[in-house]
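Engineer: Return a 3D structure for these sequence lines:
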Amino acid sequence: MEKSRLQLSLGIVRACSYFLLIAVLANCSGDEGPMGPPGYNGRDGVDGINYTRSAIYDIDPGEWDGNLDGYTTLLDVPEITEDIYYDGAVLVYRLIEEDPISFNMLPYTFVDNALSIYFDYDAYIGSINLIYKEVFDLVNDTPAPGFMSFKIVIIEGIPLATLKTMVDVKDYNAVTRMFPVEGGNNSNIQ
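Structural biologist: Below is the predicted model of the structure:
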């Protein structure tokens, strides 16, 4: 008989606990939480797809300005609008036309013993300034650059910091797989 009372008491405690838990959870309510950050605004009519453009710019030797300390050239790129500059991404790759052909993302540094070759760029609204420099034995010793080609990729609506979390931006092929690129082999971005 004592065992029956104990089982009955445990059953009543379990039932009361169960009903109390249901009552607590059923009455859970409160104010709605804060709104999350806005998503990226895509191009009208193409939901979920970012507009990506690219072009190859060929730089002739006479288009570089500089001396032994380094050379620069300013490219007119009107597609780098204020929106792209602040809310998009501009990627620059140097075309290496040796076998195998490849694109090396800038900034790019090549070091071979005492020689360092350095490429970089500054993006502005409407233009890009390319920078080329060679240092030999810790002394600026930049020869006049020869013919070079650069691939510029413009991605609308995704800031560079966010883009770097989505894809390896150093890998040109990975970028073009993730974002279908319009244009490519012309002298102007399309």
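
Engineer: And the residue most central in space within the chain, which helix or strand is it part of?
Structural biologist: By CA atoms, centre = their mean, the mean C-alpha position of the chain lies nearest to Leu163, the distance being 2.9 Å. For Leu163, the element it lies in under DSSP states H and E is helix 160-166.

Engineer: What is the subsequent helix or strand relative to that helix?
Structural biologist: Immediately after helix 160-166, counting by DSSP H and E, sits helix 172-178.

Engineer: Convert that following helix to PDB, retaining C-alpha atoms only.
Structural biologist: What follows is helix 172-178, C-alpha atoms only, in PDB (Å, rounded to 0.1, in the frame of the first residue of the first chain):
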ATOM      1  CA  TYR A 172      40.200  34.700 -60.600                       C
ATOM      2  CA  ASN A 173      38.500  31.400 -61.700                       C
ATOM      3  CA  ALA A 174      36.700  31.000 -58.400                       C
ATOM      4  CA  VAL A 175      35.400  34.600 -58.700                       C
ATOM      5  CA  THR A 176      34.100  34.100 -62.300                       C
ATOM      6  CA  ARG A 177      32.500  30.800 -61.300                       C
ATOM      7  CA  MET A 178      30.600  32.500 -58.400                       C
END
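
Engineer: tell me which residues in that helix are buried?
Structural biologist: 172, 175-176, 178 (16 or more other CB atoms under 10 Å). Glycine gets a C-beta too; all of them are placed from N, C-alpha and C.

Engineer: Could you identify the most distant pair in those residues?
Structural biologist: Farthest pair in those (CB to CB) is Tyr172 and Met178. Separation: 11.1 Å.

Engineer: Tell me how many other residues crowd Asp137.
Structural biologist: 9 (other CB atoms under 10 Å).

Engineer: about what we covered before: dump the residue contacts of the residue nearest to the centre of the chain.
Structural biologist: 89, 155, 169 (CB atoms under 8 Å, 6 or more residues apart in numbering).

Engineer: Could you export those residues as CSV, including neighbour count?
Structural biologist: Shown next, in CSV, are the contacts of Leu163 (neighbours: other CB atoms under 10 Å):
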residue, neighbour count
Ala89, 24
Ile155, 24
Val169, 18
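
Engineer: Let's have those residues in CSV, adding pLDDT.
Structural biologist: Shown next, in CSV, are these (pLDDT from 0 to 100):
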residue, pLDDT
Ala89, 90
Ile155, 88
Val169, 87
